[in-house]
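Visitor: Everything below, folded, please.
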Amino acid sequence: MAQDNNPFYILAKKFDEEGCIAYKCKSINEARSVPNTLEAIRADDVQIVILDNPEIYSEYAPYRYIDNLREFMNQAGNLNLAVQV
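Guide: Residues are numbered from 1 along each chain as shown. A predicted model of the protein is given here:
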């Protein structure tokens, strides 16, 4: 399988919290389709962005990279869950 010369990363981040989770897309088609799926499960206080080089955007750091798309989507969908004390 050929690698894309310009990789895309999908980030999920809670507003007003430090850090985010990130997934490196395997193809341009994946980069186009995943955000639409995530938008359907996204909570109001969760931001979904696509970047070509996440390391230059310090406002999202620190990055926690997730290699498995299913796991990334699961964690992104759970970002809005808060632990009640």
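Visitor: ok, which stretches of this structure are helices?
Guide: With DSSP state H, the ranges of helices along the chain come out as 28-41, 69-77.
Visitor: Which among these is found nearest to residue 13?
Guide: helix 69-77 (9.3 Å; CB to CB). The C-beta positions use only the backbone N, C-alpha and C, and glycine is treated the same way.
Visitor: who are the neighbours in contact with the residue lying closest to residue 51 once chain neighbours are set aside?
Guide: Distance criterion CB to CB, 6 or more residues apart in numbering; nearest residue to residue 51, sequence neighbours excluded, is residue 9 at 5.2 Å. Going by CB atoms under 8 Å, 6 or more residues apart in numbering, residue 9 touches 22, 23, 24, 25, 50, 51, 52, 53, 54.
Visitor: try residue 7
Guide: Here residue 7 is in contact with 24, 25, 52 (CB under 8 Å, 6+ apart).
Visitor: Please tell me how far the closest residue to residue 77 other than its chain neighbours sits from residue 7.
Guide: Using CB to CB, 6+ apart and skipping the chain neighbours, the partner closest in space to residue 77 is residue 41 (4.3 Å). Per CB to CB, to the nearest Å, residue 41 is found 24 Å from residue 7.
Visitor: what do you get for residue 70?
Guide: 19 Å.
Visitor: repeat for residue 27
Guide: Taking CB to CB, one finds residue 27 at 10 Å from residue 7.
Visitor: what's the answer for residue 67, then?
Guide: Relative to residue 7, and taking CB to CB, residue 67 is found at 13 Å.
Visitor: what residues do the two have in common as contacts?
Guide: With CB under 8 Å, 6+ apart, residue 67 and residue 7 have common neighbours residue 24.
Visitor: Please determine how far residue 27 is located from residue 57.
Guide: 22 Å.
Visitor: scratch that, residue 38 is what I was asking about
Guide: Taking CB to CB, one finds residue 38 at 18 Å from residue 57.
Visitor: Which one of those two is surrounded by more residues?
Guide: residue 38 (18 against 14; other CB atoms under 10 Å).
Visitor: That one contacts residue 47, correct?
Guide: No. With contact defined as CB atoms under 8 Å, residue 38 does not reach residue 47; the gap is 10.4 Å.
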